[in-house]
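> Sequence and predicted structure are below.
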Amino acid sequence: MDVLSPLFSSLTSSTFNAAFTLSALILVLVLSVGFSLTPHRVKLPGPAGLPFIGNLFQMRAGHARSLARWTKLYGGMFRLALGEREAVIINTYSGVNKTLIQQGVAFQSRPEFKLWHGAFSKALDPDAPTTVGTTKFSEQISKYRRLLTAQTSAAKLPSFNHFAARRYFRLVNLLSESAKSGVAQDLGFHFWTTTIGISADILFGQRFDEDITRLVADVNIKAFRQRSLATPVHDYVPLIAAGERLVLSVASPLRFLLRPFGLSSWMDSIYDAEAHATELRDAEVGYCKVLLKDLHERLDAGDPTPSQMGDLFRAMDDGTLTPNEELRLATTLAGSGMSSGTGLTWLAALLAARPDMQEKAYRAIEEVYGGEAPDPLDTDRVDYVKALGMEAGRYFASIRLGFPRETYEDVVVDGVLIPKGVLVVYNSYEINRDPQRYDFPEEFMPERWMNGHYGRTDVKQPKVGVPHLNHGAGRRVCMGVPNVNKMFYANLVLLLHFFGLERGPLGNEALANVFPHLRAVGEASLEVHPIDDQVSACDPQALPLAAGIKLTVRDPEALARWLADGHRELDQWERPNPTDTSVHLEAIVDPGIRGHY
Ligand code: HEM
């Protein structure tokens with residue numbers, strides 16, 4: 001052995017050296033392939049990322065905070081690698097001006113994602129259309145925007161007062177029931193079913209019952225969660241997608257054997273995500289198809305009730321929309337009241353902890369309406385209420401990163417080339433806190449929108465440009481702003497005129513009724529912080545945690561009078577509606593899915 005040991009050790013060390021060198025070479029090769037697969041076409045600064053993965057995992061700490069940290073390091077416009085995709089992140093108002101606004105054509109497209117445009121949208125039908133807001137630019141998009149604008153403009157909305165008036169009456173009834181309970185309750189259900197209810201009623205021209213309204217609200221809030229940026233990872237890293245497919249094809253048959261040992265959870269989560277996407281899409285397409293068919297039958301029978309889709313069909317009357325196009329427009333608008341409900345739910349929680357703001361709003365409402373019940377179908381008559389809605393859009397920035405864009409053609413910004421097909425994200429949350437545009441950006445200050453102020457309290461400015469980025473900007477800007485303004489105004493004047501709000505802890509029963517239930521994972525702090533008090537730090541729409549709000553009736557007699565008679569004075573209250581709840585929940589969703597709502 002003594003004779004052999006030098007030989008053995010030299011053999012071992014040379015084998016070891018060779019193995020080490022080989023491993024290092026393989027590692028270098030893998031890393032360089034990895035880096036080369038992580039694209040770097042945009043010469044903007046940005047954080048270093050991992051091979052193949054880029055910055056995907058760094059985003060997981062929370063979108064708003066990760067991007068805010070990088071804005072400090074890399075400035076108003078920087079670059080990220082999200083797996084195989086390269087993204088330009090715009091973080092300032094002047095960045096938005098230079099891109100979405102001044103070079104609108106180049107920034108007018110939208111990207112596609114495998115989960116949303118594949119598993120979700122194509123779940124039922126490979127030809128199923130995506131919504132206008134998630135579809136790449138083409139001439140068709142201009143046509144759809146033209147058709148929809150005619151139905152969503154401020155001038156058009158009063159023709160749907162009939163539907164809105166009934167929903168506001170229902171809202172005050174719901175709030176009054178909450179007040180009677182004497183305990184703190186979360187008001188998410190009240191606001192979302194009001195705003196989504198109005199959108200669904202006016203879209204199809206009938207007043208939907210409680211079951212359908214709850215279903216449409218629930219489906220839309222959950223479906224939007226499928227649009228989160230940077231997840232799932234296999235959407236961005238083809239190698240992981242391929243590996244996952246390979247492993248799944250081998251391991252899937254063993255899934256049920258592995259489950260008892262707790263070894264199948266990673267597989268289950270992949271299958272569950274896809275099953276959930278399919279289920280939501282099934283429900284959404286299911287009710288839109290049935291409701292469109294029902295609408296066509298009513299129109300053929302001569303029903304004159306105004307509605308967005310009905311008026312659109314009446315105006316076209318030459319069959320130029322295919323069934324798929326009808327479905328695209330219907331799914332685009334069916335849940336469009338969602339983000340108004342989100343904004344109101346955030347704002348009500350904040351107001352409940354701010355008696356000073358409630359008092360200012362109450363006094364301002366009394367001054368304008370002379371102590372009478374305010375008309376929720378008015379818009380913009382009480383400046384302070386209007387300013388509350390505007391500031392909620394800025395401060396809470398419920399659609400945190402906007403709807404992503406994609407460059408439609410090569411474009412140069414500040415001397416840097418951004419090629420066609422690059423993902424572009426305008427970081428609404430950060431832009432809404434741009435210190436060049438807003439003073440005290442971290443403070444909720446309605447006054448920044450009043451008495452000639454437009455964003456800053458220290459100077460008066462003309463109303464130039466969008467007030468904030470919660471509705472985007474440029475060629476694909478949100479088409480619902482007039483409706484959003486109307487809905488915020490109506491909900492707020494009624495709430496603040498009739499009720500006082502106070503925060504309180506949620507009891508077990510109230511917690512069980514939080515809507516949608518996923519918000520019941522915690523209770524928002526009294527500060528109602530837009531980041532710390534959201535359900536998930538990576539959701540594309542920031543959902544507020546549950547918030548207990550105890551309501552007290554300011555003037556019980558006045559409330560009782562309005563509920564008994566006063567509401568009848570609302571515009572079009574008496575207009576007959578022959579089509580109330582002509583479609584029932586059973587008809588629009590199959591029993592398996594119904595069980596979830
Ligand atoms: C508070 C409520 C709402 C918020 C926060 C919101 C936010 C947004 C955002 C961020 C975009 C993308 C804009 C861009 O990329 O520049 C968008 C697009 C859109 N919004 Fe809204 N929205 C709201 C309500 C509504 C309502 C009520 C309607 C319908 C009446 C509506 C219809 C649309 C449509 C059709 C698009 C797609 C535009 C396109 O891609 O060309 N939105 N919205």
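All right, it came through fine. The structure presented is a predicted model; accordingly, all values stated were derived computationally and were not measured. Numbers count the residues shown, from 1 in each chain.
> Near the residue in the stretch 101-250 of the chain positioned nearest to the ligand, how many other residues are there?
Here the stretch 101-250 of the chain gets closest to the ligand at one residue, residue 133, 3.3 Å apart by CB to the nearest ligand atom. C-betas here are computed from N, CA, C, even on glycine. A total of 15 residues lie near residue 133 under the criterion other CB atoms under 10 Å.
> Make sure it is indeed in a helix.
Yes: under DSSP: H, G, I helix; E, B strand; the rest coil, residue 133 falls within a helix.
> Was I right to think it contacts residue 144?
No: the criterion here is CB atoms under 8 Å, and residue 133 misses it with residue 144 at 10.1 Å.
> show me what contacts the nearest residue to the residue of the stretch 101-250 of the chain closest to the ligand once chain neighbours are set aside?
Counting by CB to CB, 6 or more residues apart in numbering, residue 133 lies nearest to residue 403, which is 5.3 Å off, once chain neighbours are set aside. Neighbour list for residue 403: 110, 133, 134, 472, 476 [criterion: CB atoms under 8 Å, 6 or more residues apart in numbering].
> swap in residue 83?
38, 52, 53, 54, 56, 233, 235, 236, 237, 238, 240.
> give me phi/psi at the closest residue to the fourth one other than its chain neighbours?
This points to residue 54. Spatial nearest neighbour of residue 54, excluding adjacent residues (CB to CB, 6+ apart): residue 81 at 2.9 Å. With angles defined as degrees, to the nearest 10, residue 81 sits at phi -110, psi 120.
> The helix or strand hosting residue 395 vs the ligand: in contact?
Here residue 395 sits within helix 383-396, counting by DSSP states H and E. No: Helix 383-396 does not reach the ligand (CB under 6 Å from any ligand atom); its nearest approach is 6.6 Å.
> Contacts for the following helix or strand past that helix, please.
Next helix or strand after helix 383-396 toward the C-terminus (DSSP H and E): strand 405-406. Outside strand 405-406, the residues that touch it by CB under 8 Å, 6+ apart are 100, 107-111, 136, 421-426, 476.
> will you turn those into a markdown table that also has neighbour count?
Listed next are the contacts of strand 405-406 as a markdown table, based on neighbours: other CB atoms under 10 Å:
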| residue | neighbour count |
| --- | --- |
| 100 | 25 |
| 107 | 29 |
| 108 | 20 |
| 109 | 23 |
| 110 | 23 |
| 111 | 21 |
| 136 | 15 |
| 421 | 15 |
| 422 | 22 |
| 423 | 20 |
| 424 | 23 |
| 425 | 23 |
| 426 | 26 |
| 476 | 22 |
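> near the ligand too, which of these?
Applying CB under 6 Å from any ligand atom to the contacts of strand 405-406, those adjacent to the ligand are residue 476.
> Which members of the contacts of strand 405-406 are positioned in strands?
Applying DSSP state E to those, the entries found in strands are 423, 424, 425, 426.
> Go through those residues and name the one nearest residue 414.
Checking the ones in strands among the contacts of strand 405-406 against residue 414 with CB to CB, the nearest one is residue 424 at 14.4 Å.
> burial measure for the closest residue to that closest one other than its chain neighbours, as a count.
In space, and not counting its chain neighbours, residue 424 is closest to residue 405: 4.1 Å by CB to CB, 6+ apart. Neighbour count for residue 405, taken as other CB under 10 Å: 26.
> What of residue 529?
So residue 529, with other CB under 10 Å, has 15 neighbours.
> Residue 444 versus that one, what's the distance?
11 Å (CB to CB, to the nearest Å).
> Please apply the same query to residue 476.
Using CB to CB, residue 476 is found at 28 Å from residue 444.
> Likewise for residue 113?
Taken as CB to CB, the span from residue 113 to residue 444 is 33 Å.
> and if you look at residue 298?
45 Å.
> Equivalent analysis for residue 200, please.
30 Å.
> Please say which of those two ends up with more neighbours.
Higher neighbour count among residue 200 and residue 444: residue 200, with 28 against 19, using other CB under 10 Å.
> Show me what from this protein comes close to the ligand.
Residues of the chain lying near the ligand (CB under 6 Å from any ligand atom): 132-133, 145, 148, 152, 332-333, 336-337, 339-340, 343, 398-399, 402-403, 470-474, 476-480, 483-484.
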